[in-house]
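**Student:** Could you work out the structure for the sequence below:
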Amino acid sequence: MSTAAAPTIDAHRVGKVYVGKTPVKALVDINLEVRQGEFVALLGPSGCGKSTLLNLIAGFEPVSDGELRVAGAPVARPGPDRGVVFQDAALFPWLTVWQNVIFGPKTQGVPCAEYEPRAREMIQLTGLADFTHHLPVQLSGGMRQRVGIARVLTMGSKVLLMDEPFGALDAQTRLTMQELLLSVWQRLCTTIIFVTHDIDEAVFLADTIYVMSARPGSIASRIEVPLARPRTLEDTTSAEFNALKRDILHQIRH
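**Tutor:** Have a look, this model is predicted:
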């Protein structure tokens, strides 16, 4: 990855204040750069503003201070260039897997000849080919998240914003989904910002980890993960992995 390339996402001294009877500072002086195709993890304790920062990048909320740009343009509103995957896949329960995946481009009037081939590719890539006619109630939690990921990717989003998407899954399913996500990312080279409070997950997935401080949230440190790609779950037992994990745990505790 060229260090000379312009950042896909650029935050400069970004702050967020929730105005009310007692104003609440959620974020202060956030500076980060995310480059095309980079996998970035936002890591920190609960309540530190990780999800708030993701919402700002998504355009769900305006910044209070500073500058936030995506592809060189100020973030003013949500857009199809930024797809969001939440902890709850939020599927339409009355629609099949296929209907959920194509819902976005179909309702936006995109010709089916454009979105159907991509939808089939994303369904295949996320391991859903045998479940296209299933309803969400017939799927496990991990399978529903696969649908959520396939739905966002079918929109053609260049940036994937993920807010603890595997947090509600059991340990084994979570590991499977982590491996799946890495496989999808390596295939598509999508830019990903992944919110988590799990250190193992951040180290296993990310190129770069931004460790956030307790509220008001700020960037405490930026860590480049030295582990080679591609990664497997066996890497999580290596001395290098565990040394980095201990270092990050120490930073978060302090």
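**Student:** can you list the weak-confidence ranges in the chain?
**Tutor:** Counting by pLDDT under 70, the chain contains low-confidence ranges at 1-7, 254.
**Student:** quick one: the helices in it?
**Tutor:** 50-58, 97-107, 112-125, 141-154, 171-188, 199-205, 239-253 (DSSP state H).
**Student:** For residue 81, which of those is the nearest?
**Tutor:** Smallest distance to residue 81 across these (Cβ to Cβ): 10.4 Å, for helix 50-58. C-beta: built from backbone N, CA, C; applies to glycine.
**Student:** And for that closest one, what's in contact with it?
**Tutor:** Contact with helix 50-58 is made by 9, 11, 14, 16, 26-27, 30, 42-44, 61-63, 68, 70, 75, 78, 82, 84, 159, 161, 163-164, 193, 195-197, 212, 217, as judged by Cβ atoms under 8 Å, 6 or more residues apart in numbering.
**Student:** repeat for stretch 129-137
**Tutor:** Residues from elsewhere that reach stretch 129-137 (Cβ under 8 Å, 6+ apart): 89, 91-98, 100, 123, 138-139, 143-144, 147.
**Student:** how does it look with 7 Å?
**Tutor:** 91, 93, 96, 97, 98, 123, 139, 143, 144 (Cβ atoms under 7 Å, 6 or more residues apart in numbering).
**Student:** one step back: filter the contacts of helix 50-58 down to the buried ones and hand me the PyMOL line.
**Tutor:** To isolate in PyMOL the members of the contacts of helix 50-58 that are buried, counting by 16 or more other Cβ atoms under 10 Å, one can use:
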select buried, resi 9+11+14+16+26+27+30+42+43+44+61+63+68+70+75+82+84+159+161+163+164+193+195+196+197+212+217
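**Student:** before we move on, the earlier item: in the contacts of stretch 129-137, find the pair that's most separated.
**Tutor:** Maximum distance among the contacts of stretch 129-137 (Cβ to Cβ): 18.6 Å, for 93 and 123.
**Student:** What residues are bridge-paired with the residue most central in space within the chain?
**Tutor:** Centroid-nearest residue in the chain: residue 162, 2.4 Å away (criterion: Cα atoms, centre = their mean). On the basis of DSSP bridges, residue 162 is bridged to residue 85, residue 194.
**Student:** Now do the contacts for it.
**Tutor:** For residue 162, the contacting residues are 85, 192, 194, 195, by Cβ under 7 Å, 6+ apart.
**Student:** about what we covered before: more neighbours, residue 93 and residue 123?
**Tutor:** Each of residue 93 and residue 123 has its neighbours counted (other Cβ atoms under 10 Å); residue 123 has more, 24 against 8.
**Student:** Contacts only, for that one.
**Tutor:** 101, 129, 132, 150.
**Student:** Mind doing that once more with 10 Å?
**Tutor:** 97-98, 101-102, 129-132, 146-147, 150-151, 153-154 (Cβ atoms under 10 Å, 6 or more residues apart in numbering).
**Student:** Which entries within those residues meet the buried criterion?
**Tutor:** Looks like these have 97, 98, 101, 102, 131, 132, 146, 147, 150, 151, 153, 154 buried, using 16+ other Cβ under 10 Å.
**Student:** In JSON lines: the residues you listed, plus distance to residue 201.
**Tutor:** Formatted as JSON lines, the buried ones among the contacts of residue 123 follow (distance: Cβ to Cβ, whole Å):
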{"residue": "97", "distance to residue 201": "26"}
{"residue": "98", "distance to residue 201": "30"}
{"residue": "101", "distance to residue 201": "25"}
{"residue": "102", "distance to residue 201": "30"}
{"residue": "131", "distance to residue 201": "25"}
{"residue": "132", "distance to residue 201": "29"}
{"residue": "146", "distance to residue 201": "17"}
{"residue": "147", "distance to residue 201": "21"}
{"residue": "150", "distance to residue 201": "21"}
{"residue": "151", "distance to residue 201": "22"}
{"residue": "153", "distance to residue 201": "20"}
{"residue": "154", "distance to residue 201": "25"}
